[in-house]
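>>> Sequence below, structure please.
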Amino acid sequence: MAAGGFCKLPHGSVVVALNLPSPGSGAGSVRVLVHAQNRARALTRLRNLGLRAVYLRGNAAPPSPDEVTAVLHHPDGLIWRTAPDTAAQDLSVELWHPIRSLLRRTAQS
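Have a look, this model is predicted:
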């Protein structure tokens with residue numbers, strides 16, 4: 001169920017994108033983007049935040065150019081938004097959120 005992928009940037013770092021089950025609510029999923037030096041560090045950043053069972057298998061859903069731009073322009077390099085229910089759904093409606101808001105929302109549930 002967890003689709004994901006990555007892209008390597010010209011200066012050597014990577015952007016990893018993962019679709020994960022929505023923490024706390026159990027319904028729906030979220031798209032998480034992480035900017036890091038390599039794939040292992042990206043996954044470690046998520047695991048250190050409490051998302052323990054995070055794995056990247058394959059490259060089925062790499063980040064789009066717009067997603068790469070969004071995560072590179074965020075100071076933390078770690079953002080999320082609700083994943084679409086279908087591939088045809090327009091993602092431009094929802095803005096990206098810092099990961100702290102997802103973790104805070106989970107803690108309140």
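>>> contacts, neighbours, all on C-alpha from now
Fine.
>>> mind checking how far residue 21 is from residue 3?
Look at residue 21 and residue 3: by Cα to Cα, to the nearest Å, they are 10 Å apart.
>>> Let me fix that, I meant to ask about residue 28.
13 Å.
>>> Kindly spell out which helices and strands sit in contact with the strand or helix carrying residue 71.
Using DSSP states H and E, residue 71 sits within helix 65-72. Applying 3 or more Cα pairs under 8 Å, 6 or more residues apart in numbering; DSSP states H and E, one finds that helix 65-72 contacts strand 29-36.
>>> got the angle for the strand it packs on vs helix 65-72?
Here strand 29-36 runs at an angle of 60 degrees relative to helix 65-72 (axes from the mean of the first three to the mean of the last three Cα atoms, to 10 degrees).
>>> So for the helix or strand following strand 29-36, what gets flagged as buried?
Downstream of strand 29-36, the next assigned helix or strand under DSSP H and E is helix 39-48. For helix 39-48, a neighbour-count test (16 or more other Cα atoms under 10 Å) marks 39, 42, 43, 44, 45, 46 as buried.
>>> Pick the one among those residues closest to residue 82.
residue 46 (16.7 Å; Cα to Cα).
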